[in-house]
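S.K.: starting from these lines, generate the structure:
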Amino acid sequence: MLKLGLKPLKRNKRKYSSYKGTVGKIADNLIERDFNADKPNKKWYTDVTEFNLRGEKIYLSPILDGFNGEIISYNTSKSPNLEQINDMLNKAFDNKDLEGLIFHSDQGWQYQHQSYQQRLKNKGIRQSICLEKEIVWIMA
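M.R.: Next up, the predicted model:
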């Protein structure tokens, strides 16, 4: 490539991190790396992931079911914001009885937000937070 006068495109190696504050204990880690579930809607996982699509940043926020790896709902957005998370939850909560579900995430600001925590509580969902900064996705 250098002989032809071509230079590789330099890319920003910084990965998106939703973590923006002091590590605090918002919720216990109820999963303890036991990612599999014996029934649907017993363990869900979520995280926000940044993608670069044709030079534009896109943020994906999915919910994965630990039973079979099914994507329960998702949202894509041009910025990681609470509206994105609320839309994802609206789709996931639609006409479902989720009492006793464990919903696991990292310590991102979205998951520490009072409105997010209250929405889970109102549905009888137990919040679980990974004590490390990042979540490792386990796909079945």
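S.K.: for the spatially closest residue to Phe51 that is not a sequence neighbour, what are its contacts?
M.R.: Residue nearest to Phe51 in three dimensions, not counting chain neighbours: Ile58, with 4.8 Å by Cβ to Cβ, 6 or more residues apart in numbering. For every residue, glycine as well, the C-beta is placed using N, CA and C. Counting by Cβ atoms under 8 Å, 6 or more residues apart in numbering, Ile58 touches 50-52, 76-78.
S.K.: and those, which are buried?
M.R.: Ser77 (16 or more other Cβ atoms under 10 Å).
S.K.: which among the contacts of Ile58 gets closest to Arg119?
M.R.: Nearest to Arg119 among these: Ser77, at 17.8 Å, using Cβ to Cβ.
S.K.: farthest pair within the contacts of Ile58?
M.R.: Longest span within those, Cβ to Cβ: Asn52 and Ser77, 14.3 Å.
S.K.: how about the strands in this structure?
M.R.: Ranges of strands in the chain, per DSSP state E, are 43-46, 49-53, 56-65, 71-77, 102-105, 126-129.
S.K.: how about the helices in this protein?
M.R.: With DSSP state H as the criterion, the chain has helices at 82-93, 109-112, 114-122.
S.K.: out of those, which is closest to Leu101?
M.R.: helix 114-122 (8.6 Å).
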